[in-house]
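[1] Below are the sequence and a predicted model; questions follow.
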Amino acid sequence: MNGAGPVVLVVDDEPETRKFVGANLSAKGFRPLLAEDGSEAMKLFGERPIDLVLLDLSMPGPDGVEVCRAIRHQSDVPIVILSGHSRESDKVNALDIGADDYLTKPFGVAELVARVAAALRRSQGTRTDAGNTFKFGELEIDLEGRMVMRSGKEQTLTATEFRLLSLLIRNSDRVLTHRYILQCVWGNTFAEDREYLRAYMYRLRKKIEEVPAEPRLIRNVPGIGYRFVTPNTEHAASLN
């Protein structure tokens, strides 16, 4: 095992799953830490730096939901949920409590590694040395200067459109639910107004996408929300 690889905390009450995940992560250069329940997970999380958490939802208390909330209250570490449930509502709930991605059991090694790698890349950020300047192909965005350039031409964004774009970019490669986006940009009053969000996404895509009808940056995740896809993660596995 590569001693310098990212530390991944694997939390699952199924011994077979822990063994499978731990062995395959180790083979790919990661450093897995295995926890059989929520209590052990929080103990390990508090003892050393963790780069990513793979977290089963269905465990004897504290369950995965409680652990996810507890970790998110104190850290922005990427959290990828492991679950045998594939309902859209389960995925939405997991993302709403702070998870970054959702992996449905059973899963293969390639999908596991792709999800872990994509979540780690997102956590490292896509910022340039300027701190608030981003470049995605022909698109350049200066968050501090509130300037958006596409193919060398400045794009005029309203204040709301810019807030929406900023939220998406600062959470690049992470699926954001409709509710989360609406609450962050417009407030609780608009938390259920998906048509309102859809209209703004349409306007924003016209200004930043090369082909708005075939968006490559702002991707729709049916029934869940949206994801801003950076070029280096385009070929990684996406949320099912």
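    Noted; the coordinates are in hand.
[2] CA atoms for contacts and neighbours, from now on please.
    Noted.
[3] quick one: low-confidence parts of this protein?
    For the chain, the stretches with pLDDT under 70 are 1-3, 122-131, 231-240.
[4] Apply 80 and report the result again.
    Applying pLDDT under 80 to the chain flags residues 1-4, 60-61, 73, 75-76, 86-98, 100, 121-132, 158-159, 187-193, 231-240.
[5] wait, what's in contact with the residue nearest to the spatial centre of it?
    For the chain, the residue nearest the mean C-alpha position is residue 174 (2.5 Å; Cα atoms, centre = their mean). By Cα atoms under 8 Å, 6 or more residues apart in numbering, the contact list for residue 174 reads 100-101, 119, 122, 227-228.
[6] Need the three-state assignment for it.
    Here residue 174 is coil, with the state taken from DSSP: H, G, I helix; E, B strand; the rest coil.
[7] How is the chain divided into domains?
    7-124, 133-233 (automatic domain parsing).
[8] circling back to that earlier point, got the contacts of residue 174 as TSV, with distance to residue 45, neighbour count and secondary structure columns?
    Listed next are the contacts of residue 174 as TSV, based on distance: Cα to Cα, whole Å; neighbours: other Cα atoms under 10 Å; DSSP: H, G, I helix; E, B strand; the rest coil:
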residue	distance to residue 45	neighbour count	secondary structure
100	17	25	coil
101	19	25	strand
119	18	25	helix
122	20	20	helix
227	28	22	strand
228	29	22	strand
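[9] okay, the residues you listed in a markdown table with distance to residue 146 next?
    Listed next are the contacts of residue 174 as a markdown table, based on distance: Cα to Cα, whole Å:
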| residue | distance to residue 146 |
| --- | --- |
| 100 | 27 |
| 101 | 29 |
| 119 | 27 |
| 122 | 22 |
| 227 | 21 |
| 228 | 18 |
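[10] Residue 28: which of those is nearest?
    residue 119 (15.3 Å; Cα to Cα).
[11] Name the nearest of the contacts of residue 174 relative to residue 18.
    Closest approach to residue 18 among the contacts of residue 174 (Cα to Cα): residue 101, at 18.4 Å.
[12] Give the closest residue to the closest one in space, chain neighbours not counted.
    Distances taken as Cα to Cα, 6 or more residues apart in numbering place residue 80 nearest to residue 101, at 4.7 Å, with adjacent residues excluded.
[13] Just the buried residues of the host helix or strand of the one you found, please?
    For residue 80, the element it lies in under DSSP states H and E is strand 79-83. Within strand 79-83, the residues that qualify as buried are 79-83, counting by 16 or more other Cα atoms under 10 Å.
[14] Sheet partners, orientation included, of it?
    strand 52-56 (parallel), strand 101-104 (parallel) (DSSP bridges).
[15] Mind listing residues that contact that strand?
    Applying Cα under 8 Å, 6+ apart, the contact partners of strand 79-83 are 52-58, 68, 94, 98-105, 115-116, 119.
[16] Tell me the buried residues within those residues.
    Buried among these (16+ other Cα under 10 Å): 52-58, 68, 94, 98-104, 115-116, 119.
[17] could you pull out the helices for this structure?
    With DSSP state H as the criterion, the chain has helices at 15-27, 38-47, 64-74, 88-96, 109-124, 159-170, 178-185, 194-208.
[18] Rebuild those as CSV, extending it with distance to residue 138.
    Listed next are the helices of the chain as CSV, based on distance: least, Cα to Cα, whole Å:
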stretch, distance to residue 138
helix 15-27, 35
helix 38-47, 40
helix 64-74, 34
helix 88-96, 30
helix 109-124, 20
helix 159-170, 15
helix 178-185, 25
helix 194-208, 9
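[19] Tell me which of those helices lies nearest to residue 149.
    For these, the distance to residue 149 is smallest for helix 194-208, at 8.3 Å, taking Cα to Cα.
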